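**Q** fold the stuff below for me.
(2 chains)
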Amino acid sequence: MKAMKTAALLLSGLCVSGAFAQGAAEKYTGVGRNATPKEVQAWDIDVRPDFKGLPMGSGSVEKGQDVWEAKCASCHGVFGESNEVFSPLIGGTTKDDIKTGNVARLKDASFPGRTTFMKVSTISTVWDYIHRAMPWNAPKSLSPDEVYAVTAYMLNLADVVPQDFTLSDKNIAEVQAKMPNRNGMTTAHAMWPGNEFTKNAKPDTRAVACMSNCGPQPQVRSKLPDHASNNHGNLADQNRPVGAQHGMQTDTKPVAPADKTPAKSAAGSVPTALLEKNACIACHGMEQKIVGPGFGEIAKKYAGQVDYLTGKIKNGGAGVWGNIPMPPQPGLSDDEAKSIAQWLAGAAK
Amino acid sequence: MQNQMTGRLRKAPENFVRGDGVATVFAEAKAGRRSFIRSAFAAAAAGAAATSALAQGGQNVPNVGEGDPNILEMPAHTKGLGQPVAAEGYGKPSKYEANVQRRQSPGLTQTRQASVSFAPLQSLFGIVTPSGLHFERHHQGWWDIDPSKHRLMINGLVKSAKVFTMDELMRLPAVSRFHFIECGANTGMEWGNVAVPTVQYTHGMISCSEFTGVPLITLLEMAGADLKKGKFILAEGADGSSMTRTIPMELITSGEVIVAYGQNGEMLRPEQGYPLRLVVPGVQGVSWVKYLRRIEVGDMPYATKDEAVHYIDLMPDGQHRQYTSIQECKSVVTTPSGGQMLLDKGFYNITGLAWSGRGKVKRVDVSVDGGRNWRTARLEGPVLAKCLTRFNIDWVWDGKPAIIQSRAMDETGYVQPTYQQNRAVRGSRSIYHNNSIQSWALREDGEVVNVQLA
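**A** Numbers count the residues shown, from 1 in each chain, chains lettered A, B, ... in the order given. This next block holds a predicted model:
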């Protein structure tokens, strides 16, 4: 009896080790080391659809609204509906979709937009992504409770949970079972490079390489309108100046006479690199409003107020130019903030 | 503009008339002042001759008289002393190549940190994309990461989680392989109709390099990965977005997937994930995780943002195809292509690129009559699996309108479909994975424009 038990143990031990690849560690001696549990914990942040990896915690819709307005609304709009910087997150789903698990509007080719909540079928995906990558300019700065709260707020905006809801690791699976598009995904196609989903799926088109007198006489169905020929700049400048073919001249706009272009002093020149690096131009146009006011408008209102502007750039603000707040810019050094402020205070030309 | 000597179509070199000159001439023409137009064109023609001789290298001057001044008058570079060696420690292209640049498509994104730049396919030769012209796609801005501080972790269904430094990874046996990388959204703007003017914007989210690194399977074996239960891996990046993507174990056990640090003989460029990225041959670029910091072995797919919200293909029945990854067989003529112009009738070499995520390109056919008749092109070597293949075919242009297309076939027998064939199955709202046949219409004036056929 005892011998049998030992044999069984031995056998099971063999089976376990048999499933693991062997030998490579010994072969490449001295290369790599074991990770410590703390290291794995620091980096292993993914959350799967079965919620493996999800940290404990909770957050209410109400708290989520506060976090949202401070850190998310500037890019996504107060109701997750904005299309200014990124595609809308919320909208396009109905109570009926929550019942069926299929977003009906995805069948309607005339419905213009596709929001995140129209598409996503697993709330784990939303939680994971906010946790790892949001807010956009300060990823990984939200605590798990804040991520629960923001996720709860979005779920409430999408009518999946009520206003007084608190989302937690305990009830998140129940929420996933109410996602409006939970039944809207298929893996029945030939474009997954493994055999895990649909074995032996065939490509969905079966074109034949006809060689002569094929198909109908060609008729042009779609081409760029003439007025759009210069939308991508002057195409002559986007081709090598020598070769079998050159670029088309698409820039026929009159060139402004040189003497009418005001010269810009070096001190007052646009800090383009800084504005681009810190994504300021995602929300501010030079003159026109995008999400926030145009730089010209700011310059007019706060001429000469370098310190005030430096503070606003660093710490963000709300309420001056409408209800979408400007988020704090933790990635910006004091010198960088000041140099943008100086430019703005000096008329932003 | 007609060439007086030969009587054939011959466009002047571009920029020979200034934009303001053209506008003035058009305005005067509207006002009916014919004498003004005559004098304006005479002035422009005189300017063109001067421009040709100086800036254009004179290659388009039809009547050379006693001889081409570029031959008769010795230029400075023949009579003077040139630059010393190592004047540029890390060399760069000729200043005359300044037009060959990767570019953004205006209006595509609001911010340049979550955006894409397109490789100038119209100006490239062979199959390798110069590293500095490789298309870019960033999700939260790119970084230049200190390689001495970069780490790669392997965890999940492994005997012991492992950590590697770059020093250690570069000690392991390396492989070098040529592969294309194509963004799943390449040509995505054209699903509904023609949206952009040139091949740079229609197809420029593809590039091809020689990648050097360690097969991922080696590292998984070193960690003692459970290759039976572990059917999937999650690859994760170290940038702000910590880009994550599920990849099937089957691709990794085949040895194809590489943890790469080298690209075209140099280290990866920062825009391409320096110091470490995943190379997943045949699969859309989003899986080639940049700034690779972690591989987790797991027993189910991860439904990460980019496989559950983006890179999913909407079918007409309202279902999204999820985990669509393979880049199916596709090709495009790069010269002549949209936004270019032929200067003259006569001989041309039509050339382009073909590729397949399922293996080698077997054949490419070219049509100059909008797909009615096809001729098989020459495949230039090397012809490698999951790699760009260059094709060429001779053609004499008779000066009449033409519609130029290419159609590729891969070693599985799959034939690149037309727009009609793709739309019949997928509708036109897919965004991703558009591998339809591209049409370029050549007009009598020598200009080439992007079109789609009925």
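
**Q** what's the weakest-modelled helix or strand in the chain?
**A** All of this is about chain A. helix A:2-19 (a mean of 44; mean pLDDT, DSSP states H and E).

**Q** let me rephrase: I mean chain B.
**A** Among the helical and strand segments of chain B, the one scoring lowest on mean pLDDT, DSSP H and E is helix B:34-54, with a mean of 44.

**Q** next, the spatially most central residue of chain A: phi, psi?
**A** In chain A, the centroid-proximal residue (CA atoms, centre = their mean) is A:F86; its distance is 7.1 Å. According to degrees, to the nearest 10, the main-chain angles of A:F86 amount to phi -130, psi 170.

**Q** what's the helix or strand for the closest residue to it other than its chain neighbours?
**A** Leaving aside its chain neighbours, A:F86 sits nearest to A:C75 (5.8 Å; criterion: CB to CB, 6 or more residues apart in numbering or on different chains). From N, CA and C alone the C-beta is placed, and that goes for glycine too. For A:C75, the host element (DSSP states H and E) is helix A:73-76.

**Q** C-alpha coordinates for that helix, PDB please?
**A** Extracted in PDB, the C-alpha atoms of helix A:73-76 (Å, rounded to 0.1, in the frame of the first residue of the first chain):
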ATOM      1  CA  ALA A  73     -13.200  65.200 -18.000                       C
ATOM      2  CA  SER A  74     -10.700  67.500 -19.700                       C
ATOM      3  CA  CYS A  75     -10.100  64.800 -22.400                       C
ATOM      4  CA  HIS A  76     -13.300  62.800 -22.300                       C
END
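
**Q** and for that helix, what are the contacting residues?
**A** A:82, A:84-86, A:88-89, A:135-136, A:282-283, A:291-292, A:324-327 (CB atoms under 8 Å, 6 or more residues apart in numbering or on different chains).

**Q** quick one: which of the residues you listed is nearest B:I71?
**A** A:A282 (53.4 Å; CB to CB).

**Q** so, low pLDDT: which residues of chain B?
**A** The model of chain B has pLDDT under 70 over residues B:1-63.

**Q** what helices or strands is the host helix or strand of B:S117 leaning on?
**A** Assigned by DSSP H and E, B:S117 belongs to strand B:115-117. Secondary-structure packing of strand B:115-117 (3 or more CB pairs under 8 Å, 6 or more residues apart in numbering or on different chains; DSSP states H and E): strand B:136-138.

**Q** quick one: distance of the strand it packs on to the chain centre.
**A** Here strand B:136-138 is found 13 Å from its chain centre; the criterion is CA atoms, centre = their mean, to the nearest Å.

**Q** is that strand positioned near chain A?
**A** No - if you take CB under 8 Å from any CB of the partner chain as the test, strand B:136-138 misses chain A, and the best it gets is 11.4 Å.

**Q** quickly run through the sheet partners of that strand, with directions.
**A** Using DSSP bridges, the strands paired with strand B:136-138 are strand B:115-117 (antiparallel).

**Q** what's the nearest residue to B:I127 if we skip its chain neighbours?
**A** Counting by CB to CB, 6+ apart, the residue nearest B:I127 is B:L388, at 4.2 Å.

**Q** B:S209 is in contact with that neighbour, correct?
**A** No - the criterion here is CB atoms under 8 Å, and B:L388 misses it with B:S209 at 9.7 Å.

**Q** in the stretch 251-400 of chain B, which spans are helices?
**A** Using DSSP state H, counting those that start in this stretch, the helices of the stretch 251-400 of chain B run over B:305-308.

**Q** near the residue nearest to A:F86, how many other residues are there?
**A** If you count neighbours by other CB atoms under 10 Å in any protein chain shown, A:C75 ends up with 23.

**Q** could you do the one 3 residues further on as well?
**A** A:V78 is surrounded by 16 other residues when neighbours are defined as other CB under 10 Å.

**Q** likewise B:P197?
**A** B:P197 has 27 neighbouring residues, counting by other CB under 10 Å.

**Q** and stretch B:171-183, is it in reach of chain A?
**A** Yes - Stretch B:171-183 reaches chain A (CB under 8 Å from any CB) through B:171-172.

**Q** CA atoms of that stretch as PDB?
**A** Coordinates of each C-alpha in stretch B:171-183 appear next as PDB, following Å, rounded to 0.1, in the frame of the first residue of the first chain:
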ATOM      1  CA  ARG B 171      24.700  37.200 -24.100                       C
ATOM      2  CA  LEU B 172      22.200  34.600 -25.300                       C
ATOM      3  CA  PRO B 173      22.300  33.100 -28.800                       C
ATOM      4  CA  ALA B 174      20.800  35.600 -31.200                       C
ATOM      5  CA  VAL B 175      18.900  35.200 -34.500                       C
ATOM      6  CA  SER B 176      18.400  37.900 -37.200                       C
ATOM      7  CA  ARG B 177      15.400  37.800 -39.500                       C
ATOM      8  CA  PHE B 178      13.700  40.000 -42.000                       C
ATOM      9  CA  HIS B 179      10.000  40.700 -41.400                       C
ATOM     10  CA  PHE B 180       7.400  43.300 -42.200                       C
ATOM     11  CA  ILE B 181       5.400  45.000 -39.500                       C
ATOM     12  CA  GLU B 182       2.000  46.400 -40.500                       C
ATOM     13  CA  CYS B 183      -0.400  48.300 -38.300                       C
END
